Structures are given as C-alpha cells and as structure tokens.
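Enquirer: Generate coordinates for the sequence data below:
(one chain, ligands or ions: 2)
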Amino acid sequence: TYAIEARDVRLAFGATPALRGANLAVTPGEVVAVMGPSGSGKSTLLHCLGGILVPDAGEIHVGGHRVDTLDETARSTLRRDRFGFVFQFGQLVPELTAEENVALPLLLGGLRRADALDRARSWFDRLGLAGLERRRSGELSGGQAQRVALARGLVARPTVLFADEPTGALDTLTGEQVMNLLVDGAREQGTTVVLVTHEARVAAYADRTVLVRDGRVTADEPARVGS
Ligand code: ADP
Ligand code: ADP
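Expert: Ligands and ions are numbered 1, 2, ... in the order given. Just a heads-up that it's a prediction; the model follows:
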C-alpha cells in the first residue's frame, strides 16, 4: 500500500490548466524529488497532495486519507496533525524566538508549552544551532532560518513532509547541509518526503526523481543521474 497515491489529478486556475491528469504513487518512507520546468505544475501538485489546494478532478490518498474530498476544516486538521511543510523562504514568525517557531506545530496540536519547547530545543544541537534557541527568528541568517523551518516541519513526526524548493534561497554548501538534515531527520522518523526542486544536486538526495511536464508526471527516473 502507498503512502501517497494521486490519480488523474486535474486543476485549472481560471483558464490556465496547471495539472492535466497527474499520477503519482509514493511508498511509505520514500523520499521523492519532483523536478520539471518552471510553470509545469510542480508546486500545484505538492499543494494538492498536502491538502492546501483542492483539485477539480481526480483522487488523492495520503496516509490512508482521501484528501481531495475533505472539507477545509478536516484538511486543516490533517495538515496540522499528519503533515509537515517546508517552503523556499522559511516563513517563520519573525517576532517569535527560534524555539517557539519550532514548537508551533506541537502547540497547535495541543501539547503543553513547556513540553513543546523541550521537544523543540532537542533539535537545535543536531541542526548546528545550539545557543540560538532564544534568538528572534527575524534575526537569523537565511541558512539558520531554513534549518529552523526544517525542524518545525519535522518536529511533530509527520507522516509526510512536503518541501517546496527548501534550498532555493540558500548557497550550495548551506543547501547541502539542509538536505542532509532533511533526509536524515525524515529517515529516522520514517517520514515520507515529497520534495520539489529544480536542482539535480538536491534531487540526488532523493530515492527517486519524477518529472513533471505540462501538468503531468511524465517520467520516473533513478535519483542519481548526476548533474
Ligand atoms: P511550477 O511549480 O512547476 O513552477 P506551478 O504549479 O507553480 O508550477 O504553476 C503551474 C501553472 O499554474 C503555471 O502556469 C502558473 O502560472 C499557474 N498558477 C500557479 N498558481 C497559480 C495561481 N494561484 N493563480 C493562477 N495561476 C497559477
Ligand atoms: P514556483 O517557484 O513553484 O514556480 P512561482 O514563483 O511561480 O512558484 O509562484 C509562487 C506563488 O505564486 C505560488 O504560490 C503560486 O501558486 C502563485 N502563482 C504562480 N503563478 C501565478 C499566477 N499566474 N497568478 C497568481 N499566482 C500565481
């Protein structure tokens, strides 16, 4: 059985078709990179799988849930309790400290503040961010902020982590650091990962790469095709 199964997913923004019958199956614990030209529908596919967007047609099953037919409330609960998200620009709350940002999904999930902060803090060492727990996230560097965003994406042990260009705003070395942490963290927790990227170097961290073109998944390729 699959962690993610999308069948014939279609979505248009007005007159612009973004997905035209996308199919994708991902096994539990698999790390899948989604590549393809700009505007081909990668982000839209990720948003549909993650219950952020609702497709016009098709079927999406994630972790045993039929995501595309849930109402907004149920999707929002699913996103909060089962999914993690990391985007290109970390989207941290700048007024909150780094540890408060990491703790957010746990707090929203109802964990006591002290426990949530404890668990959040346990990530800082391995992220190479020891000592920055209380720093306002608005004062972190780009690479630091993205590592904090990654910890926030993984802290609640999500079934699936959705990452959209998580290294897009980072230099090569920092990007590699973030990808190592992402893959190690996900593997340790058995988290399935869907990773949108346009960089072959980043896709090489995945178990498998799929290509999106004109709103369809056109090819599965082994990940290590070189760059
Ligand atoms: P990619 O992630 O591969 O760059 P997207 O999924 O962002 O592609 O976009 C696919 C197509 O849908 C593009 O033509 C894009 O302009 C369009 N699109 C994406 N989001 C929106 C939106 N919110 N409103 C209108 N058009 C959109
Ligand atoms: P990507 O890096 O995936 O190509 P974009 O920079 O194209 O993303 O889009 C960034 C955001 O803008 C996305 O949330 C997407 O949904 C939205 N978007 C993309 N194209 C359009 C569009 N033509 N009209 C409105 N929103 C769009």
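
Enquirer: CA only for contacts and neighbour counts going forward, please
Expert: Will do.

Enquirer: what bits of the chain have low per-residue confidence?
Expert: Applying pLDDT under 70 to the chain flags residues 221-227.

Enquirer: Show me the strands in it, by range?
Expert: Here the chain has its strands, by DSSP state E, at 4-13, 16-26, 31-35, 57-62, 65-66, 83-86, 160-164, 192-196, 208-213, 216-222.

Enquirer: Output those strands in a markdown table; the columns should cover distance to ligand 2.
Expert: Output for the strands of the chain, formatted as a markdown table (distance: least, C-alpha to the nearest ligand atom, whole Å):
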| stretch | distance to ligand 2 |
| --- | --- |
| strand 4-13 | 8 |
| strand 16-26 | 8 |
| strand 31-35 | 10 |
| strand 57-62 | 18 |
| strand 65-66 | 22 |
| strand 83-86 | 13 |
| strand 160-164 | 7 |
| strand 192-196 | 8 |
| strand 208-213 | 12 |
| strand 216-222 | 15 |
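
Enquirer: Would you tell me which of the ones you listed gets closest to residue 98?
Expert: Each of these has some distance to residue 98 by C-alpha to C-alpha; the shortest is strand 83-86, at 15.1 Å.

Enquirer: middle-most residue in the chain, spatially?
Expert: In the chain, the centroid-proximal residue (C-alpha atoms, centre = their mean) is residue 162; its distance is 1.9 Å.

Enquirer: Could you tell me how far residue 121 is located from residue 157?
Expert: From residue 121 across to residue 157, the span is 15 Å (C-alpha to C-alpha, to the nearest Å).

Enquirer: Equivalent analysis for residue 45, please.
Expert: 22 Å.

Enquirer: Name the residues of the helix ranked longest in the chain that are buried.
Expert: With residue count as the measure and DSSP state H as the assignment, the chain has helix 172-189 as its longest helix. Under the neighbour-count criterion of 16 or more other C-alpha atoms under 10 Å, helix 172-189 has 174, 175, 176, 178, 179, 181, 182, 183, 185, 186 buried.

Enquirer: repeat for stretch 127-147
Expert: Within stretch 127-147, the residues that count as buried by 16+ other C-alpha under 10 Å are 127, 129, 132-133, 135-137, 140, 142-147.

Enquirer: What parts of this protein come near ligand 2?
Expert: The chain comes close to ligand 2 at residues 38, 39, 43, as judged by C-alpha under 6 Å from any ligand atom.

Enquirer: quick one: which of the residues you listed is most hemmed in?
Expert: The most crowded member of those, judged by other C-alpha atoms under 10 Å, is residue 43 (19 neighbours).

Enquirer: Check the contact between it and residue 196; I expect there is one.
Expert: Yes. Contact criterion C-alpha atoms under 8 Å: residue 43 and residue 196 qualify, at 7.0 Å.

Enquirer: Now for those two: what residues contact both?
Expert: Common neighbours of residue 43 and residue 196, using C-alpha atoms under 8 Å, 6 or more residues apart in numbering, are residue 164.

Enquirer: and residue 149, what does it touch?
Expert: Taking C-alpha under 8 Å, 6+ apart, one finds 86, 90, 91, 92, 101, 102 in contact with residue 149.

Enquirer: Check those residues for burial and list the buried ones.
Expert: 86, 90, 92, 101, 102.

Enquirer: okay if I get these as a markdown table plus distance to residue 190?
Expert: Output for the buried ones among the contacts of residue 149, formatted as a markdown table (distance: C-alpha to C-alpha, whole Å):
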| residue | distance to residue 190 |
| --- | --- |
| 86 | 17 |
| 90 | 23 |
| 92 | 25 |
| 101 | 23 |
| 102 | 19 |
